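> I need the structure of the sequence given here:
(2 chains)
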Number of protein chains: 2
Amino acid sequence: MVWDAWGIPAGHKPLSAQVRNLLAQVFGISGDPLARRDEGDVPLRASALRQDARAGLSAVVGAAHVSVDHDDRLRHAGGKSTPDLLRRRAQGPQDAPDAVVFPADHEQVLAVLAYCAENAVAVVPFGGGTSVVGGVEPLRGRFATVIALDLRRLDTVTGIDPISGTAVLGAGLTGPRAEELLAAHGLSLGHFPQSFQFASIGGFAATRSSGQASAGYGRFDDMVQRLRVATPSGTMDMGRAPASAAGPDLRELFVGSEGTLGVITEVTVRVHPVPETTAYQAWSFPDFATGAAALRAVVQAGAAPTVLRLSDEAETGVNLARAGDIGGAAVTGCLAVTTFEGSAAHVAARSAEAYDLLAAAGGKALGETPAREWEHGRFAAPYMRDALLDLGVLCETLETATNWSNLSELKAKVTAALTDSLTAQGTPALVMCHISHSYPTGASLYFTVIAKQLDDPIAQWHRAKNAVGDAIVASGGTITHHHAVGADHRPWMSAEIGELGVRVLRAVKAELDPTGILNPGKLVP
Amino acid sequence: MVWDAWGIPAGHKPLSAQVRNLLAQVFGISGDPLARRDEGDVPLRASALRQDARAGLSAVVGAAHVSVDHDDRLRHAGGKSTPDLLRRRAQGPQDAPDAVVFPADHEQVLAVLAYCAENAVAVVPFGGGTSVVGGVEPLRGRFATVIALDLRRLDTVTGIDPISGTAVLGAGLTGPRAEELLAAHGLSLGHFPQSFQFASIGGFAATRSSGQASAGYGRFDDMVQRLRVATPSGTMDMGRAPASAAGPDLRELFVGSEGTLGVITEVTVRVHPVPETTAYQAWSFPDFATGAAALRAVVQAGAAPTVLRLSDEAETGVNLARAGDIGGAAVTGCLAVTTFEGSAAHVAARSAEAYDLLAAAGGKALGETPAREWEHGRFAAPYMRDALLDLGVLCETLETATNWSNLSELKAKVTAALTDSLTAQGTPALVMCHISHSYPTGASLYFTVIAKQLDDPIAQWHRAKNAVGDAIVASGGTITHHHAVGADHRPWMSAEIGELGVRVLRAVKAELDPTGILNPGKLVP
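Numbering: from 1, shown residues only, chains lettered A, B, ... in the order given. Next up, the predicted model:
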């Protein structure tokens, strides 16, 4: 992963002249946008790691696995939100962890945490570094030193159980590497969030990630059967069975704990055979409300698609404008995408039931092509954001979820909060939305907003984001459906879980991390 | 609910002469079994409720809703495990809560807890009183006084949202009353554990109940969208959306908390339209392993039955012996039952897929009748236990769950532990087993054991239960799949969640219940 943008260099390409002209026309882009900087030239705040701490950590993981190297530190300097990427383009020194430590296994993680707890070193657990909510910012809290604990060496797949459909995945495995190792056994995890190509198994669990095939395979939370977690107070090992009534489900405390309660080192996940066949079917709906009602009919009937998505009018229209990039066909109204995976008979029965429900709900079947095109381009959006930033366009995403009966109102309120805030600051705003995760009782809403970068685009976005966070809470949505809390959503955690809920989290943290070294400034208010 | 047995008087009937003769022959029953006692004649330990506490509680809920009446106390004296019922047949005074308090709503529950925390009164939250693990025993802990907090007055259904498929259920609603009130709106919850007729919504949530239709509608845990909980430290209100990434899922701390962390007063649940149609299909498998593999194929394919069960050879054979009671047809080998609910098209597609999978896995289709007979008799077993106790036969159930690959070994180990312990004590034992809850990665095992009552049947069962608990832990099963922990499974909680897990639970309890008044002696070691 490059330090100041998404992904790998080969993924980056400029926008077409057609799109650039359109953007200039709509947003009145002009001036001199912040350009990316050369990695080697970026000054870093000097490392505060003392020699004794370096020696102490080296004694645990080996000197070769404690790095104060400029590039290592820079590449662990934070996540991939738009404000993160804009900060990387700023002049002046960048903040970064004082060192990057690469443990080899669970026992080394335990020992690193014990050392850091005793020696007042803050620890930021680091997987793929794809957080878009400030989840891996190198915040020091009340400590003089902060390290990034990079888990990439915990990268094995063990304990494959084809009868039970489970496998034990190291926390540092990336999505593609986990799929590759599982595929050697004819198995798949089926978790494909937009961060898939770079994010890690531990990160998926720590942030309650939800992938594009969540309709079929569930959220990552649902896939977790067993968790092994290293904490300053020792090891937690949870999940003896597929289901249990043995008290509170403590796994659910660590799934979503974002490195504040412990470091997830190993996740036993539910896997399934690589599907025999995949069926694709795209749909057009005259408007978003009609499309949402159609999706609702499908999930409430249990028609079990693997992918089920609906873009609103604005997003469907922009997809059209992006046609040159992804080879897309022209679609009007609201585009919906469905896929079905499994045996041929299974797929035939499910897709037939869904077809009837979507058609009855007002959908017009568009055939396979737009669905295959969506799949083909589905990991490209973060690269496009970098190209937009290059042009002086602000682009960011945010998401929430609510019950079906509240979905339209929440969508309207979020759209209004974004539009009003940005317009008041002096730029038009284009707000696009899609449903990517549906449940029997409700769905997620994923927003992409595009505007002109003003003089201080970080402050500009901060104001818009504040307005949206307040609007989401006031409108009954959750403050995040799958991006997690990190530093950025922390101001709304008390609204989400109540003051007493915050006290419960603090009590758990005090037990597991009594000195407070774990990921300061994240999640827990 | 009668005080000393299951259910209502009309449910009780003696076993047929045929069954009694068979039991006498197999187990060598003789002597003079403990008979049930007349409710009015049972002496109770004198109430320790002081006048000032009675006045204080009356000030909260009204004097009419604080009872020290003999019958009220006796009916809150504990749950319905076999040791519970045997104790009720013993001579001498019975233990009972010092009073029964009936709050009207969430605010009164909060006020009762505040009063009790301040005045050192232990509180046992009480729903239907159907616990089979000592979950509602009136244990005082370090307090002089203990009250049962009966939630029956929290009995409304509100907030019906037919679009989202949710409803807000009062914690004190019984299963049938909740279904009745939902049916008026064309909706159903679909939660049918064996305790259904008497257990409460709050109890389902507090114990992670799992119903007979769990294959279709999920465990009760899965149905819970939002929870309102009264604690001595205030109110917890959790679950703003169908799914969220806003940190740990605190609902999962309270689902399964068994009244030790707070009192669940209101549960927002997922509901569905009353199904258009139900299809029934029974199967015979030559042996349990073949049948289990067939069930596995069905759930791993996502063929989505509503009910999916498999009895082992012994249980299938005894069902045959019980034929006179439930009008059953003769089935050999291992009986499996499937049902499918939904629209006609949905049911047709699902049942066809499952039919093909079960037939391919070695099943012989038996048609509808044995499946309908199972459904007809499915709430009768606890009544039969009372009839067996009348005869001097010991009868108890227990359950666990594990991964598919470990299922046969766990079944063998539990069976051996029961048989060995009881045989060594001097009675033959009949151990029957079924799978009633299947998941993609594993399944539950539910055991019924029948033996002769020895001189001290409570101590006899205690020894057998200890042997089984140890065997389950040693064999990798969970200590309970759906009966919960209560007082009876508490000795194995450290094995289930680890010492550090226990410390986490204690930290949460210390925050929410700092004086420790809530359900002393249950769940948390």
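
> for the stretch 1-150 of chain A, which segments are assigned as strands?
A:66-67, A:99-101, A:121-126, A:145-150 (DSSP state E, counting those that start in this stretch).

> right, and these - which one's nearest residue B:84?
Taking CB to CB, strand A:121-126 is the member of the strands of the stretch 1-150 of chain A nearest to residue B:84, at 47.1 Å. For every residue, glycine as well, the C-beta is placed using N, CA and C.

> list of residues touching the closest one?
A:53, A:76, A:97, A:100, A:112-113, A:115-116, A:136-141, A:143, A:145-151, A:202, A:206, A:259, A:263-264, A:517-520 (CB atoms under 8 Å, 6 or more residues apart in numbering or on different chains).

> likewise for stretch A:503-511?
Contacts for stretch A:503-511 (CB under 8 Å, 6+ apart): A:233, A:253, A:260-261, A:497, A:516, A:518, A:523-524, B:233, B:236, B:247-248, B:250, B:253, B:503-504, B:506-508, B:510-512.

> what about it, distance to the chain center?
25 Å (CA atoms, centre = their mean, to the nearest Å).

> now stretch A:400-419: buried residues?
A:400-407, A:410-411, A:413-415, A:417-419 (16 or more other CB atoms under 10 Å in any protein chain shown).

> and residue A:17, how many residues sit next to it?
Neighbour count for residue A:17, taken as other CB atoms under 10 Å in any protein chain shown: 9.

> and the gap between it and chain B?
Residue A:17 sits at a distance of 38 Å from chain B (criterion: CB to the nearest CB, to the nearest Å).

> so what's that residue up against?
Counted by CB under 8 Å, 6+ apart, residue A:17 has zero contacts.

> so how far is residue A:24 from it?
10 Å (CB to CB, to the nearest Å).

> out of the contacts of strand A:121-126, which sit inside helices?
A:53, A:112, A:113, A:115, A:116, A:202, A:206 (DSSP state H).

> about what we covered before: and chain B, which of the buried residues of stretch A:400-419 contact it?
Among those, the residues lying close to chain B (CB under 8 Å from any CB of the partner chain) are A:400, A:401, A:402, A:403, A:404, A:405, A:406.

> drop anything exposed from the contacts of stretch A:503-511.
Here, 16+ other CB under 10 Å leaves A:233, A:253, A:260-261, A:497, A:516, A:518, A:523-524, B:233, B:236, B:247-248, B:250, B:253, B:503-504, B:507-508, B:511-512 buried among the contacts of stretch A:503-511.

> so residue A:166 touches residue A:159, yeah?
Yes: using CB atoms under 8 Å, residue A:166 is in contact with residue A:159, at 7.2 Å.

> who touches both of the two?
Between them, residue A:166 and residue A:159 share the contacting residues residue A:268, judged by CB under 8 Å, 6+ apart.

> between these two, point out the one with more neighbours.
More crowded of residue A:166 and residue A:159, by other CB under 10 Å: residue A:166, with 25 against 13.

> quick one: the more buried one and chain B, what's the gap?
From residue A:166 across to chain B, the span is 5 Å (CB to the nearest CB).

> about what we covered before: I'd like the strands of the stretch 1-150 of chain A laid out as a markdown table, including mean pLDDT and mean neighbour count.
Below are the strands of the stretch 1-150 of chain A laid out as a markdown table (pLDDT from 0 to 100; neighbours: other CB atoms under 10 Å in any protein chain shown):
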| stretch | mean pLDDT | mean neighbour count |
| --- | --- | --- |
| strand A:66-67 | 98 | 22 |
| strand A:99-101 | 98 | 25 |
| strand A:121-126 | 98 | 27 |
| strand A:145-150 | 98 | 26 |
